[in-house]
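Colleague: let me see the structure of the following:
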Amino acid sequence: MEYNGPSTEDPLPQLNLWQWLSVVLSPFLLTVLVLTVVFTVTGGTSPIPQLSTGIYSLLSVFVVVLLLRRLSVTIQTELFPIRPPTRVEMAVTVAAVLVTILVFDPVATLVTNVFGSGNGTADSFDSSLGAAIFIISSVVIAPVVEEFLFRGVALNTLRSRYSMAVAIVGSSILFGGIHLLSGGLSGVTSATLSGLVYAGMRIEFENLTGVIIAHALNNLYWVLVIGEIIPNVVPG
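Modeller: Model prediction:
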């Protein structure tokens, strides 16, 4: 899918590779900018719990809505295919969740222990407001908007210009990178590895539904662990 040609209907597809990737990363970059301003003004104090999570979610929704408003239905369908998953896709979705929790997350924990990295700058989860922001952002918003941006825009932009391998790895690295604020090195590692699986699912089934479900279930697991509703099966 090549988006270099002129279009009178859709101005956004005329953007070059770096402009497209800037669109994908804009919620993260703007979040960093906003947090820098806020923490400079407040002396490093967060005015509300889960500030970074909330700001990133709002900006991501804004960018995705803007894309949907500016792109034609045809290009939306190419970038963001959403349809009921087949039984095979659902089986792969369940397998992806299990692999992420039982394999990728322990690997991420190991990498963090080896390099002695912290867990990023995520706010506490000890208030009702913080919990609400965290749950809504992680389980409802992020699985949709991040899949639209990374397995929709980034993956398709890269594979229209480079090999499939470059598209899968490149979009996964970008996806991992935006988790630096919320998860530190552990979050980056786990998200990058998960991104490889999500990208493979997106390409195999040409559908984002299963990927969104896998993403949501993985995030839900961690919400339940953080809330001490279920035990953490990942060794620490």
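
Colleague: can I get the helix or strand containing Ala131 in PDB, CA atoms only?
Modeller: Using DSSP states H and E, Ala131 falls within helix 128-135. Output of helix 128-135 as PDB, limited to C-alpha atoms (Å, rounded to 0.1, in the frame of the first residue of the first chain):
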ATOM      1  CA  SER A 128      -9.900   6.200  43.400                       C
ATOM      2  CA  LEU A 129      -9.200   8.800  40.700                       C
ATOM      3  CA  GLY A 130      -5.800   7.300  39.900                       C
ATOM      4  CA  ALA A 131      -7.300   3.800  39.700                       C
ATOM      5  CA  ALA A 132     -10.200   5.000  37.400                       C
ATOM      6  CA  ILE A 133      -7.700   6.800  35.100                       C
ATOM      7  CA  PHE A 134      -5.400   3.800  35.000                       C
ATOM      8  CA  ILE A 135      -8.200   1.200  34.300                       C
END
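
Colleague: in it, what counts as buried?
Modeller: For helix 128-135, the neighbour count (16 or more other Cβ atoms under 10 Å) marks Gly130, Ala131, Ile133, Phe134, Ile135 as buried. (C-beta placed from N, C-alpha, C; glycine too.)

Colleague: which pair in the residues you listed spans the largest distance?
Modeller: Gly130 and Ile135 (9.6 Å; Cβ to Cβ).

Colleague: grab the most central residue of the protein for me.
Modeller: Glu146 (3.7 Å; Cα atoms, centre = their mean).

Colleague: just the helices in this protein please.
Modeller: 17-42, 51-70, 73-79, 87-99, 105-115, 128-135, 142-146, 155-159, 164-177, 180-205, 209-226 (DSSP state H).

Colleague: can you put these in TSV and add distance to Asn232?
Modeller: Formatted as TSV, these follow (distance: least, Cβ to Cβ, whole Å):
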stretch	distance to Asn232
helix 17-42	27
helix 51-70	20
helix 73-79	36
helix 87-99	15
helix 105-115	9
helix 128-135	16
helix 142-146	20
helix 155-159	30
helix 164-177	21
helix 180-205	13
helix 209-226	5
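
Colleague: where among these is average confidence lowest?
Modeller: Confidence, taken as mean pLDDT, is least for helix 105-115 of those (a mean of 86).

Colleague: tell me which other helices or strands that helix touches.
Modeller: On a contact count with 3 or more Cβ pairs under 8 Å, 6 or more residues apart in numbering; DSSP states H and E, helix 105-115 meets helix 180-205.

Colleague: what angle separates the helix it packs on from helix 209-226?
Modeller: Calculated by axes from the mean of the first three to the mean of the last three Cα atoms, to 10 degrees, helix 180-205 forms an angle of 150 degrees with helix 209-226.

Colleague: now helix 180-205: buried residues?
Modeller: Quick answer for helix 180-205 (16+ other Cβ under 10 Å): 180-203, 205.

Colleague: got it, and stretch 16-31?
Modeller: Residues Trp20, Leu21, Val23, Val24, Leu25, Ser26, Pro27, Phe28, Leu30, Thr31 are the ones in stretch 16-31 that count as buried (16+ other Cβ under 10 Å).

Colleague: kindly report the same for stretch 46-65.
Modeller: Those would be 46, 49-61, 63-64, for stretch 46-65 by 16+ other Cβ under 10 Å.

Colleague: do stretch 140-153 as well
Modeller: Quick answer for stretch 140-153 (16+ other Cβ under 10 Å): 141-153.

Colleague: can you name the two of these that are farthest apart?
Modeller: The widest separation within the buried residues of stretch 140-153 (Cβ to Cβ) is 16.6 Å, between Ile141 and Val153.

Colleague: determine which two of the buried residues of stretch 16-31 are furthest apart.
Modeller: Trp20 and Thr31 (19.1 Å).
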